[in-house]
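In: What follows is a protein structure lacking sequence information:
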């Protein structure tokens, strides 16, 4: 029989009435992360949760399968991409949606195309592009990205804007890429056909905080056969309307 722990675990002390002990234990691993933690070792999880290492390993396997946890090459564990997706869904229900969604609805209605609000989501030493808000096109033929989806951080008009107006150190240094991002910064928007996928086109513009820091990218997407350079104006207007409010 397994040895009984000398001290009650964190999950035992905070067990949900009528809940499942295994779920309480798994959630205690997620709660073990503290501000400033990039990743935790097995020993740190065991110390912070007061669970046996063998129990922690089994719980981590389930959390990793659900993408709530991801394992680093050095054996430590960090929060997974599913956390970012859930964060996007949560954020969409909070106060920011009262600012962003009306602007996206106006942009989608004016153009007939899908409008989205993309943000950078840090993941350890890198980042992903999170579709935080989205209003779909009324057309049957459209891309089917949803709020909460994670998209490539190096392709697509929205990604290019987040790179162009993001940290200088993260901008590619190759001559071709440098020319592209310099042009995006100079004109204040990005319009590309077939960048993320051959069938799609996109127009994107940066949204800035009141202090001038990049907040997000407003992006209009459409099938390539419906691309219209005239949509640049409405996209820029939408980005300007949100600037300083987010």
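Out: Now that the structure is in, tell me what you want to look at. Nothing here was measured: the structure is a model prediction, and the numbers come from that model.

In: Chain neighbours aside, what residue packs nearest to residue 154?
Out: Nearest in space to residue 154, with sequence neighbours left out and distances taken as CB to CB, 6 or more residues apart in numbering, is residue 163 at 7.4 Å. Using the backbone N, CA and C atoms, a C-beta is placed for each residue, glycine as well.

In: Can you give me the neighbour number for that neighbour?
Out: Neighbourhood size, residue 163 [other CB atoms under 10 Å]: 23.

In: Might you report the residue contacts of it?
Out: Neighbouring residues of residue 163 by CB atoms under 8 Å, 6 or more residues apart in numbering: 153, 154, 170, 171, 172, 181.

In: mind checking pLDDT for it?
Out: Among the per-residue scores, residue 163 holds a pLDDT of 95.

In: and it, what helix or strand is that in?
Out: Per DSSP states H and E, residue 163 falls inside helix 157-164.

In: by contact count, what packs against the helix or strand just after that helix?
Out: Note on helix 157-164: by DSSP H and E, the next helix or strand toward the C-terminus is helix 175-187. The contact analysis (3 or more CB pairs under 8 Å, 6 or more residues apart in numbering; DSSP states H and E) places helix 175-187 against helix 157-164.

In: angle of the helix it packs on against helix 175-187?
Out: Here helix 157-164 runs at an angle of 90 degrees relative to helix 175-187 (axes from the mean of the first three to the mean of the last three CA atoms, to 10 degrees).

In: Averaged pLDDT, the longest helix seen in the chain. What do you get?
Out: Longest helix in the chain, counting residues (DSSP state H): helix 96-111. For helix 96-111, mean pLDDT rounds to 94.

In: buried set for it?
Out: Using 16 or more other CB atoms under 10 Å as the test for burial, helix 96-111 gives 96, 97, 100, 101, 103, 104, 106, 107, 108, 110, 111.

In: Rebuild those residues as a markdown table, extending it with distance to residue 79.
Out: A markdown table is the format used below for the buried residues of helix 96-111 (distance: CB to CB, whole Å):
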| residue | distance to residue 79 |
| --- | --- |
| 96 | 21 |
| 97 | 23 |
| 100 | 24 |
| 101 | 27 |
| 103 | 30 |
| 104 | 28 |
| 106 | 35 |
| 107 | 32 |
| 108 | 32 |
| 110 | 38 |
| 111 | 36 |
